[in-house]
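Q: Based on what follows, work out the 3D shape:
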Amino acid sequence: MKEKSRPRLSKALTGISGLDEITLGGLPRGRPTLICGGAGCGKTLFGLEFLVRGATKFGEPGVCISFEESGHDLAMNVASLGFDLEKLQRTKKLVIDHIYIDKSEIAETGEYDLEGLFIRLDAAINSIGAKRVLLDTPEALFAGLSDVGVLRSELRRLFGWLKEKGVTAVITGERGVGTLTRHGLEEYVSDCVILLDHRVQNDAVTRRLRILKYRGSTHGTNEYPFLIDEHGISVLPVTSLGLTHGASKERISTGIAGLDDMLSGQGYFRGSSILATGAAGTGKTTMGAHFVDAACQRGESAILFAFEESPQQLIRNMRSIGLDLGRWVKKGLLHIEAARPTAFGLEMHLVRMHHLLAEYKANVVVIDPISALLPGGSAHDVHALVLRIVDFLKQSGATGFFTSVAVEDDMQSTALSISSLVDTWILLRNIEVNGERNRVLYVLKSRGMAHSNQIREFLLTPHGVQLRDVYLGPGGVLTGSARVAREAEERRELLRQRQSEKDRQLSVKVALRSLDAKIAELQAEKEARENQLIAAIGENEQQKAALLAERDSLRRSRGMIDSSGRSPRPNGRESKP
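A: The predicted structure is shown next:
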């Protein structure tokens, strides 16, 4: 309750991309803010964008008092950014007043003040009910007027008057030698001071912004890169981005069936960041192309940032492995953004990525290779750039796939030291054995999922990347021709075994047929013997019957048997036969 009741400084949103985030709500409302820096750093544009955004987005009309450029020149200068100052003036949302002071046309005599400036400014504010004011380079007064004491006193009174008026003012000033401004304007503007810096690093222009002072409010204290493009000023916060992004449980395919299997059969987590590292020619770009192809097949939007190949070259090369990226470009699902890393500074590359991601609402983003940005800045700057990209993608829910060139001697490290920032790290290598080069990959890490620890050989075929099953030989994993030779040897051994088995089976069959023949012969012999036995028994019976018949015949012939078959007894009595 105490936190809620504590009064907070009222702020005016600037509408400048990124600035309201690091100022925690904009510039102090009703107070002057000093914007200082060297020539060409964007001070005037900063002030004009503050007025234009206020008039168009927040309903706060503004007044611009210019001491160097006319209203027409200002309108022409910012027209390329989409700012129509003349239309804003016609609709009473903006007033531009050019105060021209030429020392050759002025004669100073006696005491004087800047009351005329007060009157003109007050009239301009009241004419449209202005809430915002830009004083562009009031230090030009020092070049036109020689009484420095009067000018300092009048400028101090002017800034105090603006504060009493309740308008949010922006004052620009040229940076001096050893001082923030040439004539010490920072002495009068003590509420908020912002320093713009314009430097050249590695032949690339870099602009930086730093909030030196913000009375009554916390703010980002680091040096933030910013750039000027067709959308105006964009400030790129680094440390203000917190680790508050969500973590999706949804899995999406890598576009390579074998790699999906290595990642527990389901692929990457949606919204995660993936890094594929390897030497040149290991297939990093091909893996990224498979990933965007799979996304487009799901009907999702994808962006591929290419730093080494043109879109036409990339599309042609991917056709050789059966991937037709051109059809997705025609359907509007895939946008290929190609540029040389040295074409822009790091900040320009980052902002272009931000704008394209917002424009296409991409679900999948591939940057190939991220290591190509290293010549554009120090390793620290590129690391910070990748950190911002990873955080931005996670905040937007997009899945990022980065490739990076690694040195063969130290594959498990990257020149950018970004491996700790990513969720999944896939390492691709070239293995030279028996006078040939073969490609292998393995998953070095993948947070939140079970994954394979095997080293898998893969081939670039007309049908895309195909992972081969792990093949272990006597000396370890075999790849390439060594694997082919070993497989051929095993096939020959298998054929020999099969032939040997056939020969053995044939020998057994011959033996069985021989046994069957012997069995048939014995069976025939058995039957013959049985027939002989039967015949012998029959013949024996016949002989016995014949013998009995012969005995009967002998008896009859001797009269020992009558016709009834009885033989007579010796005493004349009959006996029964």
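
Q: contacts, neighbours, all on C-alpha from now
A: Fine.

Q: Packing partners of the longest helix seen in the chain?
A: With DSSP state H setting the assignment, residue counts place helix 480-557 as the longest helix in the chain. For helix 480-557, the contact count by 3 or more C-alpha pairs under 8 Å, 6 or more residues apart in numbering; DSSP states H and E identifies strand 436-446 as packing neighbours.

Q: what's the strand it packs on packed up against?
A: So strand 436-446, by 3+ C-alpha pairs under 8 Å, 6+ apart, packs with strand 424-433, strand 456-461, helix 480-557.

Q: Run me through the strand neighbours of the second one, direction for each.
A: Strand 456-461 has its sheet partners listed here by DSSP bridges as strand 436-446 (antiparallel), strand 464-467 (antiparallel).

Q: try the first one
A: On the basis of DSSP bridges, the sheet neighbours of strand 424-433 come out as strand 273-278 (parallel), strand 436-446 (antiparallel).

Q: check which helix or strand covers the residue most central in space within the chain.
A: The centre of the chain sits closest to Gly400, judged by C-alpha atoms, centre = their mean, with a distance of 1.6 Å. In the assignment (DSSP states H and E), Gly400 maps to strand 399-405.

Q: Between strand 424-433 and that strand, find me the angle.
A: Angle, strand 399-405 to strand 424-433, by axes from the mean of the first three to the mean of the last three C-alpha atoms, to 10 degrees: 30 degrees.

Q: before we move on, the earlier item: just give me the lowest mean pLDDT stretch among the strands paired with strand 424-433.
A: In terms of mean pLDDT, the lowest-scoring of those is strand 436-446 (a mean of 88).

Q: Now find how far off-centre that one is within its chain.
A: 19 Å (C-alpha atoms, centre = their mean, to the nearest Å).

Q: Show me what that strand is in contact with.
A: Strand 436-446 has contacts (C-alpha atoms under 8 Å, 6 or more residues apart in numbering) with 262-263, 282, 423-432, 451-459, 479-481.

Q: Mark which of the residues you listed are buried, thanks.
A: Buried subset of those (neighbour count, 16 or more other C-alpha atoms under 10 Å): 262-263, 282, 423-430, 451-452, 455-459, 479-480.

Q: Mean pLDDT added to the helices and strands packed on strand 436-446, as JSON lines?
A: Listed next are the helices and strands packed on strand 436-446 as JSON lines, based on pLDDT from 0 to 100:
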{"stretch": "strand 424-433", "mean pLDDT": "88"}
{"stretch": "strand 456-461", "mean pLDDT": "90"}
{"stretch": "helix 480-557", "mean pLDDT": "85"}
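
Q: Compare these and give me the one nearest Lys249.
A: strand 424-433 (14.6 Å; C-alpha to C-alpha).

Q: Going toward the C-terminus from the helix or strand hosting Ile35, what's the next helix or strand?
A: If you go by DSSP H and E, Ile35 is part of strand 32-37. Where DSSP H and E defines the elements, the next helix or strand beyond strand 32-37 is helix 43-57.

Q: ok, then the element right after the helix or strand bottoming out on mean pLDDT in the chain?
A: Ranked by mean pLDDT, DSSP states H and E, the helix or strand of the chain with the weakest confidence is helix 2-5, at a mean of 49. Later in the chain than helix 2-5, the nearest helix or strand by DSSP H and E is strand 11-12.

Q: List the strands paired with that next one, with their directions.
A: strand 27-28 (antiparallel).
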